[in-house]
Structure formats: C-alpha cells, structure tokens
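Engineer: Need the 3D shape of this:
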Amino acid sequence: RKEEEESIRSPTRKTEVMFQPAPREQYYDPVINIKHQCLLPADNCAYLGSILSKSANIESEVKNRISKARAAFGRLRVTVWEQKGISIATKLNVYQITMLTTLLYTSKT
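Structural biologist: Numbering: from 1, shown residues only. Below is the predicted model:
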C-alpha cells in the first residue's frame, strides 16, 4: 500500500524519455531529472498507435504494422476466409478494408 501511494506521488518511477536527433546528428542519451530522479532513456515508445525509435528509422513501426495486420487476418480466418458461401470478391473487399488499412494506417503515401 505504501508503495502504491509513493508511485502516485512520484510518477517518474515509470516515466521514460526518448530523444530523436536531427538527421545526420549524433545520438546521445538525454539527461532529464524530475524531483531529483533521473528519467531512464527508452529505445522505442508508442505514440498514437505508432512505434517511434530513438534512431528515427521505421523498422520497428513496419514490424508493428505487419504484426497487427497478421493478427487481424487470423481473427477473420473462421468467419471469412474459410467460409465457402462468401465470394472471392467479398473476401478481397474484406482484405482491402482490414489488411491494407491496418498496414497503411497513418502512412503518408
């Protein structure tokens, strides 16, 4: 109980910080202190459903999108993909709506 109260008063225990340098700039771990507690640096973080990385590459985000699309595809296996009464055209529409939307969510292209 005392630990819970301490964590409510001191949210920095679970708080991490991530720094993304400008293109062609060197990375360094940021040093940020709150109430004399140093925040730990994070390699990746989730933000608005996307994965950001300290190296500013999209590899983690692409893996995350593929994983989400694979999971969505699997959830539809019994209800859509294995149903003989659903036409190929309808299955293609479902694929485009679910898979492509999941893969391309927030994509600029």
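
Engineer: Would you confirm that residue 29 contacts residue 19?
Structural biologist: Yes. At 7.3 Å, residue 29 counts as touching residue 19 under the criterion of Cβ atoms under 8 Å. Any C-beta I mention is one placed from the backbone N, CA and C, and that applies to glycine too.

Engineer: And residue 21, how close does it get to residue 46?
Structural biologist: For residue 21, the distance to residue 46 equals 20 Å [Cβ to Cβ, to the nearest Å].

Engineer: do the same with residue 59
Structural biologist: With Cβ to Cβ as the criterion, residue 59 and residue 46 are 15 Å apart.

Engineer: same thing with residue 95?
Structural biologist: 26 Å.

Engineer: These two: which has the busier surroundings?
Structural biologist: Each of residue 95 and residue 46 has its neighbours counted (other Cβ atoms under 10 Å); residue 95 has more, 14 against 10.

Engineer: how about the CA coordinates for the helix or strand containing that one, as CSV?
Structural biologist: Assigned by DSSP states H and E, residue 95 belongs to helix 88-95. These are the backbone C-alpha positions of helix 88-95, laid out as CSV (Å, rounded to 0.1, in the frame of the first residue of the first chain):
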residue,chain,number,x,y,z
ILE,A,88,-13.9,-14.2,-53.6
ALA,A,89,-14.8,-10.6,-54.5
THR,A,90,-16.2,-10.1,-51.0
LYS,A,91,-13.2,-11.7,-49.4
LEU,A,92,-11.0,-9.3,-51.5
ASN,A,93,-13.0,-6.3,-50.2
VAL,A,94,-12.6,-7.5,-46.6
TYR,A,95,-8.9,-7.9,-47.2
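
Engineer: what sits up against the helix or strand following it?
Structural biologist: The C-terminal neighbour of helix 88-95 among helices and strands, as given by DSSP H and E, is helix 101-104. With contact meaning Cβ atoms under 8 Å, 6 or more residues apart in numbering, helix 101-104 is reached by 65, 66, 68, 69, 72.
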